[in-house]
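Undergrad: the sequence and its predicted three-dimensional model are supplied below.
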Amino acid sequence: MRTMRLLPLLAVLSLTACSQVVPEARAQQAQDGERADFLLVDKSDRTLWVYQAGEVIRTYRGLQYGDQPVGHKRFEGDEKTPEGRYRITYGNEQSSYYLSLYIDYPNDADRAYAKGQGRSPGGLIFLHGQPNGLPFDARVPGDWTDGCIALSNSEIAELWSLVPDGTPIEIRP
């Protein structure tokens, strides 16, 4: 009887473990030894630059943000994309969007600010592809995320292979 109650918990734990891909496995997919060591997003230019050893190795344009793209994310539900320095902490193959890379928002300052206002800072911010179920090359028009940064599916697939866990990301206004 006790085993029967543990089965759902074990199933959840195994799914969680499967959804977090080992960073080296992702990075080994990159061609010619390319591996990101820094990501820079300029929200106003809608551009993401991927750096390795101080050199830009990829550029992605036409990024999509939350429904309220101007300004720094402060609270859960404000649909803004964070600004500041964070890290990519894991990749999720089983996302609701075609591949996703988790950005470790909120940081300590984000949490402190929200707490001071008696609110939650929110979370679950990702670099990700388009919603599952769309044709691979389709793209939702405009800004539509809840604060994440969306790319095309082919772009996130390439980025997925370049970005190991722990990679710093700076998101500028």
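TA: Received it, and whenever you're ready, just let me know what you need. Residues are numbered from 1 along each chain as shown.

Undergrad: what about the helices in the chain?
TA: Ranges of helices in the chain, per DSSP state H, are 2-19, 23-27, 108-116, 153-162.

Undergrad: least reliable of those helices by average pLDDT, please.
TA: Lowest mean pLDDT within those: helix 2-19, a mean of 36.

Undergrad: so which bits of the lengthiest strand in the chain are buried?
TA: Looking across the chain with DSSP state E, the single longest strand is strand 84-92. By neighbour count with 16 or more other CB atoms under 10 Å, strand 84-92 contains the buried residues 84, 86, 88, 90-92. Any C-beta I mention is one placed from the backbone N, CA and C, and that applies to glycine too.

Undergrad: so which residue is dead centre in this structure?
TA: residue 126 (2.2 Å; CA atoms, centre = their mean).

Undergrad: check contacts around that residue.
TA: Residues near residue 126 by CB atoms under 8 Å, 6 or more residues apart in numbering: 92, 95, 97, 100-103, 148-149.

Undergrad: and if we set it to 6 Å?
TA: Neighbour list for residue 126: 100, 102, 148 [criterion: CB atoms under 6 Å, 6 or more residues apart in numbering].

Undergrad: nearest residue to it in space, please, no chain neighbours.
TA: In space, residue 126 comes closest to residue 100 once its chain neighbours are excluded; the distance is 4.1 Å by CB to CB, 6 or more residues apart in numbering.

Undergrad: got a list of what the one you found touches?
TA: Contacts of residue 100 by CB under 6 Å, 6+ apart are 92, 126, 128.

Undergrad: shouldn't the last one be in contact with residue 97?
TA: Yes. With contact defined as CB atoms under 6 Å, residue 128 counts as touching residue 97 (4.0 Å).

Undergrad: ok, back up a step: sheet partners, orientation included, of the longest strand of the chain?
TA: strand 20-21 (antiparallel), strand 100-103 (antiparallel), strand 168-172 (antiparallel) (DSSP bridges).

Undergrad: check the offset of it from the chain's centre.
TA: 6 Å (CA atoms, centre = their mean, to the nearest Å).

Undergrad: could you give the angle of it to helix 153-162?
TA: For strand 84-92 against helix 153-162, the angle by axes from the mean of the first three to the mean of the last three CA atoms, to 10 degrees is 90 degrees.

Undergrad: adjust the sequence numbering to begin at 698 for everything that follows.
TA: That works, and once the first residue is 698, the last one we named lands at strand 781-789.

Undergrad: could you pull up the residues touching the nearest residue to residue 753 once chain neighbours are set aside?
TA: Nearest residue to residue 753 in three dimensions, chain neighbours excluded: residue 746, at 5.1 Å (CB to CB, 6+ apart). Residues in contact with residue 746 (CB under 6 Å, 6+ apart) are 737, 753, 756.
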